[in-house]
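In: Only the shape, not the letters, is given here:
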């Protein structure tokens, strides 16, 4: 296995900050990057809050909390993004992801691993046009990343099998359960889970019942969070962009069609917990 010591996480939103926390807690030197300084400041507060809560409930010692904080570096400078594993958790947009990887290729080592946390875009599509498609792989975490155990590992058409082997071992090292998935739209979980959101939105649109009842019903059925609470946690905008991507990748099949209610929330800037307003009000 390649010796991974330094990890770069690009994107300091809910997902990126959660992944950075997991890496730092597992004793990796971790760099969390975002162009937005305000977003970085929020991520730092959120990570330290999560760690303090873990100490409170006996899941983490004070000593390990301090070690985790010491393992974390925050930056808004592209030049600082040098690591053995670079994992992007930036917007679900093909061009943005490709441009990011192009911007950091030259300053990194020839054997650095370039990973994407994409929810739906095929890995081969992201790797196409990059100078090192054999070093690109999908490592898809789930929200909240510091709690959820599952991680999807997805090979692109040209991914080096040794990279896959390294990533599988690394995922085990950070205490997650890795599953290998084919490079198909939505992989495994998002293909299955998309209807958790889409059908819930249809029920709301058709006024069968209200969103609180839908959330309560699904939580009573065994889900940890109802669809509306989960969309607010993930980001209504992020969830909507994944649905759009899936709709396109499945040749506009009606069952993946984005919902106008969610679109209206995105247009209004009600993106969930990160904006204090989404399907619920967090003020």
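Out: Everything's here; your move. Bear in mind the structure is a predicted one, so any value in this text is a computation, not a measurement.

In: got the buried residues for stretch 156-172?
Out: Buried residues in stretch 156-172, counted by 16 or more other CB atoms under 10 Å: 156, 159-160, 163-164, 166-168, 170-171. Placement of C-beta: from N, CA and C, glycine included.

In: residue ranges for the helices of the chain, please.
Out: For the chain, helices defined by DSSP state H occupy the ranges 14-25, 37-56, 62-70, 94-105, 123-127, 161-173, 189-205, 211-220, 227-234, 236-249, 260-267.

In: Minimum distance to residue 113: which of the ones you listed has it?
Out: helix 161-173 (5.7 Å; CB to CB).

In: per-residue confidence averaged over the closest one?
Out: Average pLDDT, helix 161-173: 96.

In: Which strands or helices does it pack on?
Out: If you count contacts as 3 or more CB pairs under 8 Å, 6 or more residues apart in numbering; DSSP states H and E, helix 161-173 packs onto strand 113-116, strand 136-140, strand 150-155, strand 177-181.

In: Please list the outside residues in contact with that helix.
Out: Helix 161-173 is contacted by residues 1-2, 4, 26, 85, 113, 115, 134-135, 137, 139, 151, 153, 155, 177-178, 180 when judged by CB atoms under 8 Å, 6 or more residues apart in numbering.

In: Filter those residues down to the buried ones, PyMOL style.
Out: Provided next is the PyMOL selection string for whichever of these are buried by 16+ other CB under 10 Å:
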select buried, resi 2+4+26+85+113+115+134+135+137+139+151+153+155+178
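
In: where does stretch 186-195 sit relative to the chain's centre, distance-wise?
Out: 14 Å (CA atoms, centre = their mean, to the nearest Å).

In: In that stretch, which residues are buried?
Out: Going by neighbour count (16+ other CB under 10 Å), the buried part of stretch 186-195 is 186-188, 190-191, 193-194.

In: So which of those residues is the closest to residue 57?
Out: residue 193 (27.7 Å).

In: Check the gap between that closest one and residue 199 for me.
Out: Counting by CB to CB, to the nearest Å, the gap from residue 193 to residue 199 is 11 Å.

In: thinking again about what came up before, tell me which of the helices and strands packed on helix 161-173 lies nearest to residue 265.
Out: Taking CB to CB, strand 136-140 is the member of the helices and strands packed on helix 161-173 nearest to residue 265, at 24.0 Å.

In: could you say what helices and strands the closest one packs with?
Out: Judged by 3+ CB pairs under 8 Å, 6+ apart, the packing partners of strand 136-140 are strand 113-116, helix 123-127, strand 150-155, helix 161-173.

In: Distance to residue 47 for these - can I get that in CSV?
Out: Listed next are these as CSV, based on distance: least, CB to CB, whole Å:
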stretch, distance to residue 47
strand 113-116, 20
helix 123-127, 27
strand 150-155, 19
helix 161-173, 20
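
In: Mind checking the ones you listed for the one nearest to residue 263?
Out: helix 123-127 (24.0 Å).

In: Now residue 120: phi and psi?
Out: phi -150, psi -20 (degrees, to the nearest 10).

In: OK, contacts around the residue nearest to it when sequence neighbours are not counted?
Out: In space, and not counting its chain neighbours, residue 120 is closest to residue 245: 4.3 Å by CB to CB, 6 or more residues apart in numbering. By CB under 8 Å, 6+ apart, the residues touching residue 245 are 92, 119-121, 185.

In: Quick check: PyMOL command selecting the buried ones in those residues.
Out: Under the burial definition 16+ other CB under 10 Å, those of the contacts of residue 245 that qualify are selected in PyMOL by:
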select buried, resi 92+119+120+121+185
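
In: measure the nearest residue to residue 215 once chain neighbours are set aside to residue 143 for me?
Out: Using CB to CB, 6+ apart and skipping residues adjacent in sequence, the residue nearest residue 215 is residue 226, 2.6 Å away. In this view, residue 226 and residue 143 are 14 Å apart by CB to CB.

In: Alright, I will stop here.
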